[in-house]
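Asker: The following comprises the amino acid sequence and a computationally predicted model.
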Amino acid sequence: MSLRAPIGSEFVGVKPLPDGHGFDLSALSRILIDATGERGALTLEQFRGGQSNPTFRISVNGAPRFVLRKQPSGPLLPSAHAVDREFRIIAALAGTGVPTPEPIAFSDDASIVGAPFYIMRHVDGRSIWDPALPDLSPKARAATYDEMNRVLAELHAVDPEKIGLEGYGRIGNYFSRQIARWTKQYRASETETIDAMERLIAWLPENIPADDQTTIVHGDFRLDNLIFHKTEPRILAVLDWELSTLGHPLADLGYNVLAWRLPINARGLAGYDLAALGVPDEDAYVRAYCARAGRPPFAARDWRFCIAYNMFRVACIRQGIMRRVIDGTAASDHAATAGRRAREMAELGWKEAERA
């Protein structure tokens, strides 16, 4: 029996295409025939979840077969919404231990769906938006979190050069470059002055850990960007590679564990009795990752930096969402709520910096 109605249930499922999406179904059909040989009447619906790149389910003769992701309409921040990079990395990771959807086709012809886009194979599984996993037993919850931990460590173990991703990002100085990049993005989308953001922008560059590693990083690795098997705690596909690059694995791990720091109403785990749920606490989860990655535990100061950095980064992302809300180009019905939380996330990040 479910503990309650799942948090995030409003993000589940699809909805009819909104007005203004003039998709060229004939052109899409030709792309699918050329790439897969599949023919039939196409029906498109938009997935409810997601704040960045609009995502659509393509059914062929009524059966879900493919997924299309496109850049949003309107002016974009520099280097944002890079669907070409998403397509490149899911294609490169095919055959590794990291599960990704099958890539089908990429097109930069904006006349077809209004922006560059790519198509991947539809993965039939479960999307999980509620970190408390209310429909699962404690044993199944533990196994689900362990599987997420395993796949993240598996991603960081992949040699980018061996799969053709040399040049996918720069080597070294990841945090320094990312702080500068996100600060620039934040300034480009700023709608109000947030004191905590100003403090983080000054503090973060002066407190970067000396440890410098480079792996493939997902950039948005969290529970709701994973497709699980319908009945097993097994990940079938990792989604939403828009922010992927070559970078420091600590950044990916720190972002992944933000759920332990966020309140329940923000789809977090803070406030739950984790032992009763069967969900590992943050320390246990991080130790499991370090054991899998074959690395020593993190220094406390470095870990606090990483949490503060990721909260800063999320605040930048949410500020970008608010900018799109104001500009009228937001992809999600829930964008305004997410955008308004930029200040809240920045203030949490600054509290973490003060502790460090």
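Answerer: That came in fine, so what should we check first? This structure is a prediction, so every number in the text was calculated from the model and none was measured.

Asker: my guess is Met197 meets Ala315, correct?
Answerer: Yes - assessed by Cβ atoms under 8 Å, Met197 is found in contact with Ala315 at 6.1 Å. Glycine gets a C-beta too; all of them are placed from N, C-alpha and C.

Asker: Overlap in contacts, the two.
Answerer: Here Met197 and Ala315 have Tyr186, Ala342, Ala346 as joint contacts, going by Cβ atoms under 8 Å, 6 or more residues apart in numbering.

Asker: Strands of the stretch 51-200 of the chain, start to end?
Answerer: For the stretch 51-200 of the chain, the strands defined by DSSP state E, counting those that start in this stretch cover 55-60, 63-70, 103-107, 117-121, 126-127.

Asker: Centre-most residue in the chain?
Answerer: Taking Cα atoms, centre = their mean, the centroid of the chain lies closest to Asp220, which sits 2.9 Å from it.

Asker: show me the contacts for Leu348.
Answerer: Counting by Cβ under 8 Å, 6+ apart, Leu348 makes contact with Arg261, Met311.

Asker: Okay, and it sits in which element?
Answerer: Here Leu348 sits within helix 342-355, counting by DSSP states H and E.

Asker: Of all the residues in that helix, which ones are buried?
Answerer: Across helix 342-355, burial judged by 16 or more other Cβ atoms under 10 Å covers Ala342, Arg343, Glu344, Met345, Ala346, Glu347, Leu348, Gly349, Trp350, Glu352, Ala353.

Asker: roughly how far apart are the third one and Glu354?
Answerer: Computed as Cβ to Cβ, to the nearest Å, the Glu344 to Glu354 distance reads 16 Å.

Asker: which strands and helices sit next to the longest helix anywhere in the chain?
Answerer: If you go by DSSP state H, the chain has its longest helix at helix 300-327. Applying 3 or more Cβ pairs under 8 Å, 6 or more residues apart in numbering; DSSP states H and E, we find helix 300-327 packed against helix 174-189, helix 195-203, helix 249-256, helix 258-261, helix 335-340, helix 342-355.

Asker: One more pass at 6 Å, please.
Answerer: On a contact count with 3 or more Cβ pairs under 6 Å, 6 or more residues apart in numbering; DSSP states H and E, helix 300-327 meets helix 174-189, helix 249-256, helix 335-340, helix 342-355.

Asker: what pLDDT, on average, does the last one get?
Answerer: In this model, helix 342-355 has an average pLDDT of 93.

Asker: Same question for the second one.
Answerer: Mean pLDDT, taken over the full extent of helix 249-256, equals 96.

Asker: Could you shift the numbering so residue one becomes 669, and keep it that way?
Answerer: New numbering, starting at 669: the last item is helix 917-924.

Asker: elements contacting that helix?
Answerer: Using 3+ Cβ pairs under 6 Å, 6+ apart: helix 917-924 touches strand 883-885, helix 968-995.

Asker: Run the angle between it and helix 968-995 for me.
Answerer: Here helix 917-924 points in a direction 60 degrees away from that of helix 968-995 (axes from the mean of the first three to the mean of the last three Cα atoms, to 10 degrees).

Asker: doesn't His790 make contact with Pro732?
Answerer: Yes - if you go by Cβ atoms under 6 Å, Pro732 and His790 touch, sitting 4.9 Å apart.

Asker: The two: which has the busier surroundings?
Answerer: Comparing Pro732 with His790 by neighbour count (other Cβ atoms under 10 Å), the higher total belongs to His790, at 20 against 15.

Asker: Next, find the distance separating Ala1010 from Asn893.
Answerer: In terms of Cβ to Cβ, Ala1010 sits 20 Å off from Asn893.

Asker: With Trp850 instead?
Answerer: Remark: distance between Trp850 and Asn893 (Cβ to Cβ) = 19 Å.

Asker: follow-up on the earlier one: out of the strands of the stretch 719-868 of the chain, deepest packed?
Answerer: When these are scored by mean count of other Cβ atoms under 10 Å, the highest mean neighbour count falls to strand 785-789 (a mean of 22).

Asker: Quickly run through the sheet partners of that one, with directions.
Answerer: Neighbouring strands of strand 785-789 in its sheet, by DSSP bridges, are strand 731-738 (antiparallel), strand 771-775 (antiparallel).

Asker: what separates it from the chain centre, distance-wise?
Answerer: Averaged C-alpha coordinates place strand 785-789 at 17 Å from its chain's average position (Cα atoms, centre = their mean, to the nearest Å).

Asker: what does stretch 778-798 give?
Answerer: Using Cα atoms, centre = their mean, the distance from the centre of stretch 778-798 to the centre of the chain it belongs to is 13 Å.

Asker: swap in stretch 881-896?
Answerer: 6 Å.

Asker: What residues of it count as buried?
Answerer: 882-896.

Asker: how close does Asp803 sit to Arg794?
Answerer: Computed with Cβ to Cβ, the distance linking Asp803 and Arg794 is 9 Å.

Asker: Leu712 and Phe724 touch, don't they?
Answerer: Yes - taking contacts as Cβ under 6 Å, Leu712 lies within contact range of Phe724: 5.0 Å.

Asker: Quick check: Trp909 is in a helix.
Answerer: No - Trp909: not assigned to a helix; according to DSSP: H, G, I helix; E, B strand; the rest coil it is coil.

Asker: How many residues are close by it?
Answerer: By other Cβ under 10 Å, 25 other residues sit near Trp909.

Asker: follow-up on the earlier one: closest one to Tyr940 out of the buried residues of helix 1010-1023, please.
Answerer: Looking at these and their distance to Tyr940, the nearest is Leu1016, at 17.5 Å (Cβ to Cβ).
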